[in-house]
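K.L.:
return a 3D structure for these sequence lines:
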Amino acid sequence: MSSTVSAELISASKESESPVRYSIAIPLYNECESIRPLYERLNAMMNALPYSCECVLVDDGSTDDSLRLLREIAQVDRRIVAVGLRQNAGKSLALSTAFSVARGDFIITMDGDLQHDPADIPRFAEKLEEGFDIVGGRRMKRTESLPRRLSNRCANWVLGKVTGVHIHDWGSGFKAYRRALVSDVPIYGELQRLIPVLALRRGARVCEIPITVAPRANGVSKYGMIRKLPVIFDLITVRFLLRYLARPLHFFGTAGFLALLAGGGIGAWLLISRLFYGVQIMRDHGPLLIFAAVFILAGIQLLALGLLAEMHVRYYYESRSRIAPNDGASIFRMKD
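P.N.:
Numbers count the residues shown, from 1 in each chain. Purely as a prediction, here's the structure:
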């Protein structure tokens, strides 16, 4: 949890010691009108599910009565865990908090705006029990406009090509994971869409199941087209992490070597022209000389940056310690 997100641990019941098979993680932001109907559907699903389960509902700094309603529900149902963040931190950090609080062997994520149907959760559980590590929900009947559907299809294709993980619907928030895969995965920015890629670094079996998405009944979407733009930068980050996390010098060193080679080649050509052909470098090739100097300096800086990154990676792997991402979250459970 980022230090900028302020919250505090409120209470926890003794029931937290009992084993849990499934944890359902749901981030919420100003969803006051949807919380009661959502709980009714979750309650019906949990009563029918033949496994022990809990629901971790994370209020992401809502400005309405969402946290009050979650607290009331948590006080009457021991399967509900309400987590309150004191300021809006974004969906990724809300999910990261839910992952740290969840106690189940498997974690199922879904949205809290009633577009995802909890009745689909048993089908996710069935696939997880078959041995799959990640189960993605593929939206079959989309309710968006045609341009948005086309942009989503293009984005899914690009993500599959860049990451090498072929999932048809990256944007769906309805997914299920084996807890061991995601408990230590750092999630920030807009990386919640790329959790499967981060988790697959450890090796996993992946499948998809079709889900239906209902039209949004209350409120407005918090994740429109503009909010999807940062995914491009997160994709670059993930691509870098997948290939060069443990060997950053290979990335910066290659770029630095190429810059040095280009600058040195231009500089050598200018030197030969001056010594053997009497060319006035500053008069005839002044800009080219500046380019050579910039390339050489950039190459040296990139190599130095790569060495510093290698030292940092070595220090990290030698002395890393796990920091719980839910520090400062207020948790509500029913008291015994």
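K.L.:
only C-alpha atoms from now on, for both contacts and neighbour counts.
P.N.:
Will do.
K.L.:
quick check, Pro37 in a helix?
P.N.:
Yes: counting by DSSP: H, G, I helix; E, B strand; the rest coil, Pro37 is found in a helix.
K.L.:
for it, what are its contacts?
P.N.:
Neighbouring residues of Pro37 by CA atoms under 8 Å, 6 or more residues apart in numbering: Leu114.
K.L.:
do Val206 as well
P.N.:
Per CA under 8 Å, 6+ apart, neighbours of Val206: 132-136.
K.L.:
rerun that using 10 Å as the cut-off
P.N.:
127-128, 131-136, 165-167, 176-177, 196, 200 (CA atoms under 10 Å, 6 or more residues apart in numbering).
K.L.:
need the helix or strand of this structure with the lowest average pLDDT.
P.N.:
helix 225-228 (a mean of 53; mean pLDDT, DSSP states H and E).
K.L.:
can you list the domains in the protein?
P.N.:
14-245, 248-319 (automatic domain parsing).
K.L.:
mean confidence score for the last one?
P.N.:
Right, domain 248-319. Domain 248-319 comes out with an average pLDDT of 87.
K.L.:
so where do the strands sit in the stretch 1-150 of the chain?
P.N.:
22-28, 53-60, 80-85, 106-109, 134-139 (DSSP state E, counting those that start in this stretch).
K.L.:
ok, longest helix in the protein?
P.N.:
Counting residues, the longest helix found in the chain (DSSP state H) is helix 286-319.
K.L.:
tell me the buried residues in it?
P.N.:
Across helix 286-319, burial judged by 16 or more other CA atoms under 10 Å covers 288-289, 292-293, 295-296, 298-300, 302-307, 309-310, 313.
K.L.:
try stretch 110-120
P.N.:
Buried residues in stretch 110-120 (16+ other CA under 10 Å): 110-118, 120.
K.L.:
need those in CSV with distance to Val158, can you?
P.N.:
Output for the buried residues of stretch 110-120, formatted as CSV (distance: CA to CA, whole Å):
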residue, distance to Val158
Met110, 24
Asp111, 24
Gly112, 28
Asp113, 28
Leu114, 29
Gln115, 25
His116, 25
Asp117, 28
Pro118, 30
Asp120, 28
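K.L.:
can you say which two of the residues you listed are spatially most distant?
P.N.:
Asp113 and Asp120 (15.1 Å; CA to CA).
K.L.:
nearest to Met334, of the domains of the chain?
P.N.:
So among these, domain 14-245 is nearest, using CA to CA, at 3.9 Å.
K.L.:
gap between the closest one and the chain center?
P.N.:
10 Å (CA atoms, centre = their mean, to the nearest Å).
K.L.:
quick one: the helices in the stretch 51-200 of the chain?
P.N.:
Remark: helices assigned in the stretch 51-200 of the chain by DSSP state H, counting those that start in this stretch are 66-76, 91-101, 121-130, 146-163, 179-182, 195-200.
K.L.:
can you list the ones you listed in CSV and add mean pLDDT?
P.N.:
CSV is the format used below for the helices of the stretch 51-200 of the chain (pLDDT from 0 to 100):
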stretch, mean pLDDT
helix 66-76, 90
helix 91-101, 85
helix 121-130, 93
helix 146-163, 72
helix 179-182, 81
helix 195-200, 70
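K.L.:
can I get the ones you listed in TSV with distance to Ile35 and mean neighbour count?
P.N.:
TSV is the format used below for the helices of the stretch 51-200 of the chain (distance: least, CA to CA, whole Å; neighbours: other CA atoms under 10 Å):
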stretch	distance to Ile35	mean neighbour count
helix 66-76	7	19
helix 91-101	16	25
helix 121-130	18	17
helix 146-163	27	15
helix 179-182	25	20
helix 195-200	25	21
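K.L.:
can you redo those as TSV with distance to Ala25?
P.N.:
Shown next, in TSV, are the helices of the stretch 51-200 of the chain (distance: least, CA to CA, whole Å):
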stretch	distance to Ala25
helix 66-76	13
helix 91-101	6
helix 121-130	12
helix 146-163	24
helix 179-182	12
helix 195-200	14
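K.L.:
wait, which of these is closest to Ala262?
P.N.:
helix 146-163 (28.2 Å).
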